[in-house]
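> next come a sequence and a model predicted from it.
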Amino acid sequence: MPLLLQKAKIYQIDPPPTLLQSPITVLFNPSEYVIERTVNYAEHVIQGLDLPIAQFVNGSAERLTMNLFFDTYEAGSSAGSIVDSVKLAATSLLPEVGKINVTEYTSRIYALMDVAGDRHAPPLVEFRWGGLSFQGYVVSVRQEFLMFTFTGKPVRARLEVTFQRHISPQDQLTGEPRNSPDRTKYWTVQAGDTLTAIAAQEYGDPELWREIARVNRIDNPRLLKTGQVIKIPAWL
C-alpha cells in the first residue's frame, strides 16, 4: 500500500464537536513552524555587586507559530481533505468566474477565535501533524491575500497562525506531560467494525483509517475478520 502524505489537522477539543463538525484539514502542510516559550525573572539590586540578582517569577505558555498557504485558483488534487481535493481539482479547470473564494477555507481557522456557545470563550483545539500534538487556543491569525480574480475575488492567501498551549491546573500540579497523545492500543474486531469507524472512535477522524491499515499491513480494509486483533498506533 503506497504511503500517503499526512496532512496537518486542527481538532476542536472543548466544546466537543458536533456530528456535523469535522477536523480542519490544511490545504498545504506548513514548510516550517516555530515553538517558543519565555520565563520571567525579577532583578534585585544588591549594594556592592556589579550585577543584580535574578529571581524567577513565573513561566509563560508555549506558543506555536506557522504560516499556512491557501490556494483555490490552481490547488490541484493534493490539497486538503479528500472532499476538498475533489472540489478544488474540479474548479481548477474552470475559468476565473468559477473559482472558489479562498476565504471559504481561511475563515474556518479565523473562526477558531470566536466565542464558542455556552463556554463564553473560544474553543480549545489541538494541532496535529506527524509527531506534533499541540493543544491550546488560537490567539492570533494574520491573513494576507495574495491573488485575486478580475472581479476582486481572493483566491490565494497566507495565514500566520499562533497557538498558545493550554495545560489544565490539575495537569500542572500533577506533573502530567504537556503532550498526551494516546498510547498504542489493540482492538479486537467485532462484527460490523470498519477501519473508518475505528479511526473515528480512537482518533476522532475517520480519514486516519489508512494509518491503521498501514501499520497492520491490511491491503483490503473491507476484509476485516471478527476476532482479528489490530494495532492502533499512537500519534507518531
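Done, it's in.

> can you give the domain ranges for this protein?
Under the assignment named as the TED database, the residue ranges that make up the domains of the chain are 9-174, 185-232.

> what mean pLDDT does the first one get?
Per-residue pLDDT values across domain 9-174 average out to 84.

> same deal with the last one?
Looking at domain 185-232 alone, the average pLDDT works out to 82.

> distance between the ends of it?
By C-alpha to C-alpha, to the nearest Å, the extent of domain 185-232 from end to end equals 5 Å.

> is it possible to get TSV of the domains of the chain that adds mean neighbour count?
For every residue, glycine as well, the C-beta is placed using N, CA and C. Output for the domains of the chain, formatted as TSV (neighbours: other C-beta atoms under 10 Å):
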stretch	mean neighbour count
domain 9-174	15
domain 185-232	15
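
> which residues of the chain fall in helices?
Along the chain, the segments classed as helices by DSSP state H run 82-91, 103-110, 169-174, 195-203, 209-215.

> who wins for proximity to residue 141 among those helices?
Proximity to residue 141, assessed across those by C-beta to C-beta, is greatest for helix 103-110 (5.2 Å).

> so what touches that closest one?
The contact list for helix 103-110 (C-beta atoms under 8 Å, 6 or more residues apart in numbering) reads 10, 24, 27, 68, 70, 72, 80, 84, 138, 141, 143, 154, 157, 159, 161.

> select from those residues every entry located in strands.
Helix and strand membership here follows DSSP state E; of the contacts of helix 103-110, those in strands are 10, 24, 68, 70, 138, 141, 143, 154, 157, 159, 161.

> and residue 63, how far from residue 138?
As for residue 63, its distance to residue 138 is 11 Å (criterion: C-beta to C-beta, to the nearest Å).

> need the overlap of contacts for the two.
Here residue 63 and residue 138 have 162-163 as joint contacts, going by C-beta under 8 Å, 6+ apart.

> any idea how far residue 38 is from the residue lying farthest from the centre of the chain?
When distances to the mean C-alpha position of the chain are computed (C-alpha atoms, centre = their mean), the maximum falls on residue 48, with 52.9 Å. Here the distance between residue 48 and residue 38 works out to 30 Å (C-beta to C-beta).

> next: residue 50.
Counting by C-beta to C-beta - residue 50 and residue 38 are separated by 25 Å.

> try residue 123
For residue 123, the distance to residue 38 - C-beta to C-beta - is 25 Å.

> repeat for residue 73
If you go by C-beta to C-beta, the gap between residue 73 and residue 38 works out to 39 Å.

> surely residue 194 meets residue 224?
Yes. Between residue 194 and residue 224 there is a contact under C-beta atoms under 8 Å: 7.1 Å.

> shared neighbours of these two, anything?
Between them, residue 194 and residue 224 share no neighbouring residue, with contact defined by C-beta under 8 Å, 6+ apart.

> for the residue lying closest to residue 39 once chain neighbours are set aside, list the residues it contacts.
In space, not counting the residues next to it along the chain, residue 39 is nearest to residue 59; the distance is 4.7 Å by C-beta to C-beta, 6 or more residues apart in numbering. Contacts for residue 59 were tallied using C-beta under 8 Å, 6+ apart; they are 37-40.

> likewise residue 201?
Applying C-beta under 8 Å, 6+ apart to residue 201 gives no contacts.
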